[in-house]
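Engineer: Quick one, fold the following:
(2 chains)
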Amino acid sequence: GESVGLHLPTLSVQEGDNSIINCAYSNSASDYFIWYKQESGKGPQFIIDIRSNMDKRQGQRVTVLLNKTVKHLSLQIAATQPGDSAVYFCAETSPPIQGAQKLVFGQGTRLTINP
Amino acid sequence: EAGVTQSPTHLIKTRGQQATLRCSPISGHTSVYWYQQALGLGLQFLLWYDEGEERNRGNFPPRFSGRQFPNYSSELNVNALELEDSALYLCASSFFRTVMNTEAFFGQGTRLTVV
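Structural biologist: Reported below is the predicted structural model:
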């Protein structure tokens, strides 16, 4: 079945440290992955994406790693700041079937930055 | 440029009533997605509309329905409300047919409370 799960529901890190948020997916046909950040009271915001033909992609202070062998995705945030406190969701999608495509989200990890 | 807008922001209904939630996509986007986010859970896919037609739906009962208008705005209707329907309902929009290569942009959500 389709499911995208996260290893840890909560993560606390010290300000300035690096954080790693993990995500496992089960659909081997998934070929596009997105990380979203959701702050309290707001809708999810796009952070970074990666296609299945890549194993690493870097953005500003964020890096996404994809390991298709074990169906694992991670989001690394460098030098965390208080503004990074939020719930982070991974999402995946697979090639359209009869034009149908949807994002499948994981449960989310709440990241808390300690001063 | 305006983002995805949803209305109302908060909605309180009693059990058995009907709720109507509205979503206006980003200008130029033709696909609208609806997600349910219950407290403590991830985003569950509800419905996907594109070019006025329902393209896909998640594992929700038929009392969850909707439509997309010619201007690509969308309505989500929930009939015979139950207490467990209380959740944040998020709408996202993207370009035609696929979220691949194009992040889905989310609105701020409608908080539905059923009492």
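Engineer: Next, A:Gly83: secondary structure please.
Structural biologist: Counting by DSSP: H, G, I helix; E, B strand; the rest coil, the backbone at A:Gly83 sits in helix.
Engineer: actually A:Gln107, sorry about that
Structural biologist: Look at A:Gln107: counting by three-state DSSP, its state is coil.
Engineer: Let me see the backbone angles for it.
Structural biologist: In this entry, A:Gln107 is assigned phi and psi values of phi -70, psi -30 (degrees, to the nearest 10).
Engineer: Angles on the backbone of the spatially closest residue to it that is not a sequence neighbour, please.
Structural biologist: With C-beta to C-beta, 6 or more residues apart in numbering or on different chains as the criterion, A:Gln107 has its nearest non-adjacent residue at 4.1 Å, and that residue is B:Gly42. Every C-beta, even on glycine, is put in place using the N, C-alpha and C of the backbone. Summarising the backbone geometry of B:Gly42 under the convention degrees, to the nearest 10, its torsions are phi -80, psi -170.
Engineer: Next up, the contacts around B:Gly42.
Structural biologist: B:Gly42 makes contact with A:4, A:89, A:105-108 under the criterion C-beta atoms under 8 Å, 6 or more residues apart in numbering or on different chains.
Engineer: how close does it sit to A:Arg61?
Structural biologist: As judged by C-beta to C-beta, to the nearest Å, B:Gly42 and A:Arg61 stand 24 Å apart.
Engineer: For A:Ser94, give me its contacts.
Structural biologist: Under the criterion of C-beta under 8 Å, 6+ apart, the contact list for A:Ser94 reads A:27, A:29-32, A:101.
Engineer: Can you tell me how far the closest residue in space to it that isn't next to it in sequence is from A:Val104?
Structural biologist: Once its chain neighbours are removed from consideration, A:Ser94 has its nearest residue in A:Ala29; the separation is 4.2 Å (C-beta to C-beta, 6+ apart). With distances defined as C-beta to C-beta, the gap from A:Ala29 to A:Val104 amounts to 11 Å.
Engineer: Neighbour count for these two, which is higher?
Structural biologist: Using other C-beta atoms under 10 Å in any protein chain shown as the criterion, A:Ala29 and A:Val104 rank with A:Val104 on top: 21 against 11.
Engineer: Tell me which residues touch the most centrally placed residue in chain B, please.
Structural biologist: Computing the C-alpha centroid of chain B and ranking residues by C-alpha atoms, centre = their mean puts B:Trp34 first, at 3.0 Å. Listed by C-beta under 8 Å, 6+ apart, the contact partners of B:Trp34 are B:23, B:45-48, B:66, B:74, B:76, B:89-91.
Engineer: how about the strands of chain B, start to end?
Structural biologist: With DSSP state E as the criterion, chain B has strands at B:5-7, B:10-13, B:19-24, B:31-37, B:43-50, B:53-57, B:64-68, B:74-78, B:87-94, B:105-106, B:110-114.
Engineer: Quick one: these as JSON lines, columns for mean pLDDT and distance to A:Met54 too.
Structural biologist: Compiled in JSON lines, the strands of chain B are given as follows (pLDDT from 0 to 100; distance: least, C-beta to C-beta, whole Å):
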{"stretch": "strand B:5-7", "mean pLDDT": "96", "distance to A:Met54": "33"}
{"stretch": "strand B:10-13", "mean pLDDT": "97", "distance to A:Met54": "41"}
{"stretch": "strand B:19-24", "mean pLDDT": "98", "distance to A:Met54": "32"}
{"stretch": "strand B:31-37", "mean pLDDT": "91", "distance to A:Met54": "24"}
{"stretch": "strand B:43-50", "mean pLDDT": "88", "distance to A:Met54": "24"}
{"stretch": "strand B:53-57", "mean pLDDT": "87", "distance to A:Met54": "26"}
{"stretch": "strand B:64-68", "mean pLDDT": "96", "distance to A:Met54": "33"}
{"stretch": "strand B:74-78", "mean pLDDT": "98", "distance to A:Met54": "33"}
{"stretch": "strand B:87-94", "mean pLDDT": "92", "distance to A:Met54": "21"}
{"stretch": "strand B:105-106", "mean pLDDT": "86", "distance to A:Met54": "23"}
{"stretch": "strand B:110-114", "mean pLDDT": "97", "distance to A:Met54": "35"}
